[in-house]
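[1] Structure of the sequence below:
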Amino acid sequence: MALKIRLARGGAKKRPFYSIVVADARCPRDGRFIEKIGTYNPMLVKDHPQRIQINAERAKHWLSVGAVPTDRVALFFGRAELIPAQAVKETPKKSAPKAKAQERAKMEAELAAKAAAG
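    Numbering: from 1, shown residues only. Model (predicted):
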């Protein structure tokens, strides 16, 4: 059984709240899980102590058993020094501006440069 440490969404519409859970990789995001090992509340400010809460002892146990954290959870674990910190991935090409938007931005930059120079 492949284990994942991932986020399970809860909370109301437009008010997300996530549980950090250990689950079988085949189960749905908000479906059945094995154990809840923490919480993540993105509505709180970044430096708030209750924004990310992790039970470090249980997280270390599941990592030693072979559970694989998702990218977001690995970022949390890196900040909590449970695993080596990972570099943040670049923005995917798919979400980059399309050709016309890039061309428009280039034209605006040229106009701004001419206005500043002249």
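[2] mean confidence for the regular element (helix or strand) spanning Ile37?
    Using DSSP states H and E, Ile37 sits in strand 35-40. Mean pLDDT, strand 35-40: 96.
[3] for stretch 67-86, same thing?
    pLDDT averaged over stretch 67-86 gives 90.
[4] Can you show me the CA trace of it as PDB?
    Below are the C-alpha coordinates for stretch 67-86, written out as PDB (Å, rounded to 0.1, in the frame of the first residue of the first chain):
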ATOM      1  CA  ALA A  67       5.000   7.600   3.500                       C
ATOM      2  CA  VAL A  68       5.700  10.200   0.900                       C
ATOM      3  CA  PRO A  69       4.700  13.800   1.500                       C
ATOM      4  CA  THR A  70       3.100  15.900  -1.300                       C
ATOM      5  CA  ASP A  71       5.000  19.000  -2.400                       C
ATOM      6  CA  ARG A  72       3.000  21.400  -0.100                       C
ATOM      7  CA  VAL A  73       3.400  19.100   2.900                       C
ATOM      8  CA  ALA A  74       7.100  18.600   2.100                       C
ATOM      9  CA  LEU A  75       7.500  22.400   2.200                       C
ATOM     10  CA  PHE A  76       5.800  22.500   5.700                       C
ATOM     11  CA  PHE A  77       8.000  19.600   6.900                       C
ATOM     12  CA  GLY A  78      11.100  21.400   5.600                       C
ATOM     13  CA  ARG A  79      10.200  24.600   7.500                       C
ATOM     14  CA  ALA A  80       9.700  22.400  10.600                       C
ATOM     15  CA  GLU A  81      13.100  20.700  10.000                       C
ATOM     16  CA  LEU A  82      11.600  17.200   9.800                       C
ATOM     17  CA  ILE A  83      13.100  16.700   6.300                       C
ATOM     18  CA  PRO A  84      15.700  18.600   4.300                       C
ATOM     19  CA  ALA A  85      14.300  21.800   3.000                       C
ATOM     20  CA  GLN A  86      13.300  21.600  -0.700                       C
END
